[in-house]
Structure formats: structure tokens, C-alpha cells
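Asks: Please work out how this folds:
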Amino acid sequence: MQGFNIKKIFIIIPVVFFCLTLMGCRGSKAPPQLGPPEVSVLTLSYETITLTTELPGRVSAYRIAEVRPQVSGIILKRFFTEGTDVRAGEVLYQIDPAPFQAALDNAKSALVKAEVSLPAIKQRYERYKELIVDKAVSQQEYDDASAAYKQAEAEVNYWKATVESASINLGYTKVTAPISGRIGKSNVTEGALVTANQTMAMATIQQLDPIYVDVTQSTVELMELKRRLEEGRLKHDGKNQDKVKLLLEDGTVYPLEGDLQFRDITVDPTTGSVILRAVFPNPQKILLPGMFVREVVKEGVNKQAILAPQQAVSRDTKGNPFTYVVTKENKVELRPLIVDKTIGNRWLVLSGLSPGEQVIMEGIQMVRPGSPVKVVPFKEGEEKTKAPEETQAKPSQKEK
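Replies: Numbers count the residues shown, from 1 in each chain. Alright, predicted model coming up:
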């Protein structure tokens, strides 16, 4: 009886499976036919942007003064603290004034002596001048009186000049700051002997506010900029054209704007570049001489710029940029591009796209040139395609 049940089960299972399969086939429908793939597109339009260029450079002091002695002597005292700010006219060193004081006193005494003897010699000369008319004195006596008077007068003037010179030298024993700024380390100490106009500076003062930033720009970039302005592709930004920004070594933006002062007219033959100098306010002394920075210089304003998101731009095997656009017939078209530089997360397109055209942002993997597609608007919130107007990437040569 148990063997019979097992055989019966093996017969029923295939029959039931066949019936279920047959019922499923009768109840199923044919798969629906697929339509054109769906792509999200972004419609391009003209934009007004301010084009800038980042140029490397270094910070240099606005004014530099090397402090040197103008008289020779022994340093008695130093009055400043190294690394602090000093004012113009502030006493920095005291040179031993004793020999210069003695020279001044000696000159003053000689001047008094000369001035005391001058009136008597002058009276004798004037008396002889009257007597020579009546020939009461000889011509020789008159000439001797005249010469003596002129000599005494010259001696008085000589000692006056000597007194003034000695007074100036005595004043030079107080070595003062020629400019206001930050003073560095002292190269001499108390007791050191210094000589007038020595080659080694006693200390160096640098004015740090305002401060210069010197950057280099290649002549190739300079000529390209002139060409863009002449062709009308760029316009001057009026009064803001000479405003420049600064990026510090760590990439942070310097909070204060500077003013572009001039472009040098001499090309460095070793680098093929010219110097651009800008002046920046530096009240917090953040910028220090010798610091490496990058300066953001305005090229001009482009009022008809076409910007294509980097997400929509691809490159072929040769590295040439291209994008896919959707035509009015909702068909895909491959479009070669000529791009200039990156602006935020977008490419500045020089050729290949026009305002009103739709570039494919998503769904590129499912399309090919000439195939029909279903268009849906790209949601800009998913990717920020708008870059700040004056934030540019590093300058690059044209890519074709």
C-alpha cells in the first residue's frame, strides 16, 4: 500500500506542473515595445562674465631702507627691539658723541676768536680807504689793509661752516630711522666700531603697509589678451578693471583688494614674461616680503559667453572635447568643441555651441548620434553649474 502511494505521487507532480505552465502561458501578455531613451538636457544662453587670470608672483616691501652710520665711532647703545615697528626719525643707535662734541666746541672757539678780531681789521681797512683818496697812505699800505680785512672775513665764514659741519656730525651720532616700518635684526651690538658709509647695514627697515605684489605674465598671454580686446570679445570693466585679488600660499583668499599699478615694458629674455606690479593694503601684516602668492588679474568682461557644464563635455581618443546636443527634431547630434578655460565647473566655449541649444547632461550612455530621444529638463539643483562671476581656474592654452 505504501509503494502504491509513492508511485501515484510521482505521476501526479508532472501533470500538475504541466497544467500550471500551460495556464501561465495562456494568461501572459507580450512585453511592451520600448520607446526612445530619456535624456535630461540643459538649454544654453548668453551670459555676462568677468574673465580673470591667475598669475604667480611674490610679495615685496613698499619701501626698504638700510640703516648705515654717517660718522665713525663706537656704538654706545641700541634703542629698538628687533622685529618691531619704528617711526621715521626715531633714534635707533647712539654712537659715542665725545669726539664730535669736542670738535664742535673747538670750532665754536675758533669762530669767536675770528669774529672778535674782525671789527678792528674792518675799521683799519675803511680808514685806509678814505686816506688813499687824499694819498695820505701809500697804495701798498691800503692793499695790505684790504687783504687783511678780506682774510679775516673769510676766516669767520670758514669757522662758521666748520661749526655747522661739526654740529651735523654730532647729530649723526644719533642714528635715526629714515622711514617708518618694521625693523629686522641688528647686525651690530654695543661696543662695536662702525665706520661712515660702511657696506654692511646696521639694520634694515621695510615698510609693509601698503605692500607690493609683483607677478609675471608671459608675452603670449599678453598678446592674446590684446587680441581679444581688439576683436571685441572682451570689454574693459571700467574703474574695476585695475582691481586685483590675491590667493595666499595655502589657497585662502586675501580679504582686501589691491590696485594694479603698471605693466612693465621690458621683457625678461630668460622667461619671456613681463612684470605686473600691484599694491595691496596690509594693515594686519599678513603679507610679508618674499611670500609666494597668486594674483587674480581681470582680463575684461565677456557679455556673450557660452558656458558648457563639464558634466556634458567629453573627450575623444585624441583628447579633443565634444558634447551631445538634441536637435529640434529630438535627435542626438555630436558636436566638436573649441574651449578656452574652466570657469568654476563649466567650460568657456569658443566654438561649437550657440545659445538656445540643448546639451545632454544625463543619459549619454543610452544614445548615439542620429538616434531619437525623449527630452526632460535637467534639474540644476542636482549639480551646481553656476560659478561665481569672478572665480576662474588656472589659465590654460586654447584646447581644440
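Asks: Just the mean pLDDT for the strand or helix carrying residue 60, thanks.
Replies: Using DSSP states H and E, residue 60 sits in strand 47-67. Mean pLDDT, strand 47-67: 89.
Asks: Now do it: which elements does it pack against?
Replies: Secondary-structure packing of strand 47-67 (3 or more C-beta pairs under 8 Å, 6 or more residues apart in numbering; DSSP states H and E): strand 181-183, strand 203-218, strand 273-280, strand 292-309. Glycine gets a C-beta too; all of them are placed from N, C-alpha and C.
Asks: Outline the domain layout of this structure.
Replies: 43-60+209-382, 70-96+174-200, 98-171 (automatic domain parsing).
Asks: Which residue ranges of the protein form helices?
Replies: Secondary structure of the chain (DSSP state H): helices at 2-27, 98-131, 139-172, 219-231.
Asks: okay if I get those as TSV plus mean pLDDT, distance to residue 85 and mean neighbour count?
Replies: Below are these laid out as TSV (pLDDT from 0 to 100; distance: least, C-beta to C-beta, whole Å; neighbours: other C-beta atoms under 10 Å):
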stretch	mean pLDDT	distance to residue 85	mean neighbour count
helix 2-27	49	93	9
helix 98-131	91	30	15
helix 139-172	92	24	15
helix 219-231	74	38	13
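Asks: and those as TSV, adding distance to residue 314?
Replies: Shown next, in TSV, are the helices of the chain (distance: least, C-beta to C-beta, whole Å):
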stretch	distance to residue 314
helix 2-27	46
helix 98-131	81
helix 139-172	74
helix 219-231	26
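Asks: need the contact list for the closest residue to residue 286 other than its chain neighbours.
Replies: Closest residue to residue 286 apart from its sequence neighbours, by C-beta to C-beta, 6 or more residues apart in numbering: residue 254 at 7.0 Å. Taking C-beta atoms under 8 Å, 6 or more residues apart in numbering as the criterion, residue 254 is in contact with 245, 246, 247, 248, 280, 286, 287, 293.
Asks: so which two of the residues you listed are the farthest from each other?
Replies: 245 and 286 (13.9 Å; C-beta to C-beta).
Asks: What count of nearby residues applies to residue 58?
Replies: By other C-beta atoms under 10 Å, 14 other residues sit near residue 58.
Asks: and it, bridged to which residues?
Replies: Residue 58 has these beta-bridge partners by DSSP bridges: residue 214, residue 292.
Asks: do you know how far it is from residue 258?
Replies: Distance from residue 58 to residue 258, counting by C-beta to C-beta, to the nearest Å: 14 Å.
Asks: now swap in residue 360 and tell me
Replies: 42 Å.
Asks: related to what we said a few turns ago, which members of the contacts of residue 254 are classed as buried?
Replies: Buried members of the contacts of residue 254, scored by 16 or more other C-beta atoms under 10 Å, are 245, 246, 280, 286, 287, 293.
Asks: returning to that earlier point: return the member of the contacts of residue 254 nearest to residue 334.
Replies: The nearest one, if we look at the contacts of residue 254 relative to residue 334 and count by C-beta to C-beta, is residue 247, at 37.6 Å.
Asks: how near is the closest one to residue 215?
Replies: 11 Å.
Asks: Determine the residues that are contacts of both of these two.
Replies: With C-beta under 8 Å, 6+ apart as the test, residue 247 and residue 215 both reach 294, 295.
Asks: so what's the residue lying closest to residue 352 once chain neighbours are set aside up against?
Replies: If the residues on either side of it in the chain are set aside, residue 352 comes closest to residue 337, at 3.8 Å by C-beta to C-beta, 6+ apart. If you count contacts by C-beta under 8 Å, 6+ apart, residue 337 has them with 308, 313, 321, 322, 323, 347, 349, 351, 352, 353.
Asks: what's the most distant pair in the residues you listed?
Replies: Going by C-beta to C-beta, the pair spanning the contacts of residue 337 furthest: 313 and 351, at 13.3 Å.
Asks: Which one's more surrounded, the two?
Replies: Neighbour count, other C-beta under 10 Å: between residue 313 and residue 351, residue 313 has more, with 20 against 13.
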